[in-house]
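>>> next come a sequence and a model predicted from it.
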Amino acid sequence: MQWYVVRTHVNKEFFAAQNLIKQNIITYFPKYKKIKIHARKRSIITKALFPRYIFVQINLENQNWSSINYTYGVNNIITMNNKPVKIPETIINRLKNHENNEGLLDINQFYTRSVGEEVNIIEGVFRGNKAIFKGLEKDKRIKVLLKLLGKEVTLSYTPMAIL
């Protein structure tokens with residue numbers, strides 16, 4: 001059993017996950033609480049950490065993965081050379097380890113950095129590099145300053161990519 005990524009229709013992560021579960025497919029998508037302000041009214045809603053993406057755990061030898069593409073709410077399973085792209089289980093475990101008892105990620109724990117503090121990039125193309133924390137963007141992504149080829153470049157990351 002390996003983890004793979006499924007792309008969903010817009011705002012259909014919950015719906016797609018429910019339909020995949022009905023097919024006995026193990027699903028996971030990290031969620032967090034967000035304050036929504038609309039027409040001067042504040043409400044707390046649950047949002048997907050990775051909009052339009054959920055993870056599925058399947059055995060390619062025993063399960064017909066192409067049926068996932070025909071599930072209501074699903075756009076397609078992410079493939080390369082006509083094979084689903086594997087996601088390391090360590091990534092899934094890391095996400096699950098940061099969940100609270102409600103099964104939600106407490107993303108505020110990632111925002112305890114001070115502007116100017118040095119951080120390590122632990123995922124993506126610039127993995128292993130050190131950067132300077134510059135603050136948060138409106139969508140709660142982390143803004144960092146990275147020195148690259150003698151120039152300073154501002155990048156944006158999800159909270160899980162910075163340590």
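Here it is on my side, so go on.
>>> ok, V74 touching Q23?
No: V74 is beyond contact range of Q23, at 10.5 Å (criterion: Cβ atoms under 8 Å). (C-beta placed from N, C-alpha, C; glycine too.)
>>> neighbour count winner among these two?
Neighbour count, other Cβ atoms under 10 Å: between V74 and Q23, V74 has more, with 22 against 13.
>>> any idea how far that one lies from K33?
Distance from V74 to K33, counting by Cβ to Cβ, to the nearest Å: 25 Å.
>>> pull the contacting residues for the residue nearest to N59 when sequence neighbours are not counted.
Using Cβ to Cβ, 6 or more residues apart in numbering and skipping residues adjacent in sequence, the residue nearest N59 is M1, 5.1 Å away. Residues near M1 by Cβ atoms under 8 Å, 6 or more residues apart in numbering: 26, 57-59.
>>> for PyMOL, write a command that selects the buried ones of those.
Here is the PyMOL command that selects the buried residues among the contacts of M1 (16 or more other Cβ atoms under 10 Å):
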select buried, resi 57+58
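>>> any chance of the contacts of M1 in JSON lines, plus distance to I87?
Shown next, in JSON lines, are those (distance: Cβ to Cβ, whole Å):
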{"residue": "I26", "distance to I87": "13"}
{"residue": "Q57", "distance to I87": "9"}
{"residue": "I58", "distance to I87": "12"}
{"residue": "N59", "distance to I87": "15"}
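>>> among the contacts of M1, which are in strands?
By the criterion of DSSP state E, membership of those in strands covers 26, 57-58.
>>> how is the protein partitioned into domains?
Domain segmentation of the chain under automatic domain parsing yields 2-105, 108-161.
>>> quick one: mean pLDDT over the last one.
Put plainly, it is domain 108-161. Averaging pLDDT along domain 108-161 yields 68.
>>> and for stretch 60-69?
Mean predicted confidence for stretch 60-69 is 83.
>>> pull the contacting residues for G73.
Residues in contact with G73 (Cβ under 8 Å, 6+ apart) are 8-9, 12-13, 15-19.
>>> pick out the most distant pair among the residues you listed.
H9 and Q18 (13.2 Å; Cβ to Cβ).
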